[in-house]
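Novice: Provided below for reference: sequence and predicted model.
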Amino acid sequence: MARFLLVHGAFGGAWCWEPVIGPLEAAGHSVEAIDLPGSGQDPTPAAEVTLDGYAARVCEVLAQGEPAVLVGHSMGGVAVTEAAVRCPERIAALAYVAAFAPGAGQSLQALTELPEGADDQVQANLVVDSPVAYLPEAAAPDVVYNCCTPEVAAREAARLGPQPLAPFGAPVSGEVAVERRLYVLCTQDHSIPPVLQRRMVRERGIGDVVELDADHAPMVSRTDELVAALDRFAR
């Protein structure tokens, strides 16, 4: 069985992965979800958070065990991409879940500015209070959790926190050398438009693609399907 390392997206924390951890462990895998610097329970001041720090944290955790299936959600896709540039020997395979998948020299911000990113509802609702940004709790159910019940969407939206801004504009430093890659594409995503997800898949040359009828949070809205995709990929 595989070792999984799960990396959350913007406004989130390790808590985002709670629904899939138990089922993946029940399938025999070792699973760890981490807080990136400045997110979740991590105390790093927002003004000190960088993409470099994200990648360093991911590589540090990867070094503590066997090579892992590294999974990034949303903005976490940028963090795992930079980690894959820096410590590819610690990564058995790389999975993107409704995630940004930048190439060398690309930043998250640059990807959102592509024509395919025009319907990105995170950017449309973002509230900036430098050095952080917020996704308003009232907007999050439609932006992130639009395939969830109103009760679940409200519960998850209330957990979202501030997101340090600096990693948004930082470009990835090189090309990914990890050959085994998966993209879980969410066709009802209001945060990263599906057309932008398809462009990133195409430009990154990712051949293993699973499409889910899901919003931007398939770990909540399509838990079983996401677990099945990750389990299949790990095997």
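Specialist: Sure thing, it's come through. Being a predicted model, the structure only gives us computed values, none of them experimental. Numbers count the residues shown, from 1 in each chain.
Novice: Quick check: bridge partners of the spatially most central residue of the chain?
Specialist: Residue closest to the average C-alpha location in the chain (CA atoms, centre = their mean): residue 73, at 1.6 Å. When bridges are called by DSSP bridges, residue 73 pairs up with residue 97.
Novice: Can you give me the distance of it to residue 99?
Specialist: Going from residue 73 to residue 99 by CB to CB, to the nearest Å gives 6 Å. From N, CA and C alone the C-beta is placed, and that goes for glycine too.
Novice: Which residues are in contact with each of those two?
Specialist: Taking CB atoms under 8 Å, 6 or more residues apart in numbering as the contact criterion, the common neighbours of residue 73 and residue 99 are residue 9.
Novice: you'd agree residue 166 is up against residue 53?
Specialist: No - taking contacts as CB atoms under 8 Å, residue 166 lies outside contact range of residue 53: 9.0 Å.
Novice: which residues sit against stretch 57-68?
Specialist: 2-5, 7, 30, 32, 34, 36-37, 70, 79-80, 83, 86-87, 89-92.
Novice: out of these, which are inside helices?
Specialist: 79-80, 83, 86 (DSSP state H).
Novice: can you put those in CSV and add neighbour count and pLDDT?
Specialist: Output for those, formatted as CSV (neighbours: other CB atoms under 10 Å; pLDDT from 0 to 100):
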residue, neighbour count, pLDDT
79, 30, 98
80, 29, 98
83, 29, 98
86, 18, 97
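Novice: Show the contacting residues for residue 78.
Specialist: If you count contacts by CB under 8 Å, 6+ apart, then residue 78 has 51, 54, 72, 99-100, 102, 107-108, 167, 170, 172 around it.
Novice: rerun that using 10 Å as the cut-off
Specialist: 7, 9-10, 51, 54-55, 72, 99-102, 106-109, 111, 167-168, 170-172 (CB atoms under 10 Å, 6 or more residues apart in numbering).
Novice: returning to what we had before: what is in contact with residue 166 and residue 53 at once?
Specialist: Residues touching both residue 166 and residue 53 (CB under 10 Å, 6+ apart): residue 38.
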